[in-house]
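A.B. asks: Let's see this in three dimensions:
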Amino acid sequence: MAFQIIWSEQARDDLQSIVLFIAQDNPPVAESFGYQLMSKVDVLAQFPQFGRVVPEENDETIREIIFRPYRIIYKVLAEKQIVGIARVWHGARGEPEIPDRLNF
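C.D. replies: As a prediction, this is how the structure comes out:
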C-alpha cells in the first residue's frame, strides 16, 4: 500500500517562494520546475526510504532527496504510512531549519 504524502505549511511556502523567484525571469520554466519537483516527491509514496538520512539530524526517520540544488526534507511515519514533507531548502543556504516537532 502506498504511503500518503503530506506537505507541511512551511514546505508549501518554500515551494511557492522558489517558483515565484524563478518566475521573475522565466514563468514557463518556473511552472515546469514546480511540477518536476512535485513529481520527484511523488516517488516517495511507493519508496519512502528512497532518500538518505539528513546528516544534521542523524535520525532514521528524517530523510532527504536532492532535486537540482534543493534538499527536500521529509519525515517517514511508517506506522501511519505517511511521508511528511517538512522543507524544500536550497543547498547553498547551509543547514536546513527543521522544526523540532514534525507533526503530520
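
A.B. asks: can we go C-alpha only for contacts and neighbour counts from here?
C.D. replies: OK.

A.B. asks: was I right about residue 87 contacting residue 14?
C.D. replies: Yes - applying CA atoms under 8 Å, one finds residue 87 in contact with residue 14, separated by 6.7 Å.

A.B. asks: Could you check which of these two is surrounded by more residues?
C.D. replies: Set side by side, residue 87 and residue 14 show more neighbours around residue 87, with 25 against 17, by other CA atoms under 10 Å.

A.B. asks: okay, now the residue nearest to that one when sequence neighbours are not counted: neighbour count?
C.D. replies: Spatial nearest neighbour of residue 87, excluding adjacent residues (CA to CA, 6 or more residues apart in numbering): residue 11 at 4.3 Å. Residue 11 has 20 neighbours, counted by other CA under 10 Å.

A.B. asks: Give me the residues contacting the helix or strand where residue 22 lies.
C.D. replies: If you go by DSSP states H and E, residue 22 is part of helix 9-23. The contact list for helix 9-23, computed with CA atoms under 8 Å, 6 or more residues apart in numbering, reads 29, 30, 31, 33, 34, 85, 86, 87, 88, 89.

A.B. asks: which SS class is the residue of the chain positioned farthest from its centre?
C.D. replies: Residue distances from the centre of the chain (CA atoms, centre = their mean) peak at residue 25, which lies 23.4 Å from the mean C-alpha position. Look at residue 25: counting by DSSP: H, G, I helix; E, B strand; the rest coil, its state is coil.

A.B. asks: Likewise for the one 4 residues further on?
C.D. replies: Recorded secondary structure, residue 29: helix (three-state DSSP).

A.B. asks: what residues are up against it?
C.D. replies: 22, 23.

A.B. asks: swap the cut-off to 10 Å and go again
C.D. replies: 19, 22, 23, 35 (CA atoms under 10 Å, 6 or more residues apart in numbering).

A.B. asks: how far away is the first one from residue 33?
C.D. replies: By that I understand residue 19. Separation of residue 19 from residue 33 (CA to CA, to the nearest Å) stands at 7 Å.

A.B. asks: same check, this time on residue 98
C.D. replies: Separation of residue 98 from residue 33 (CA to CA) stands at 23 Å.
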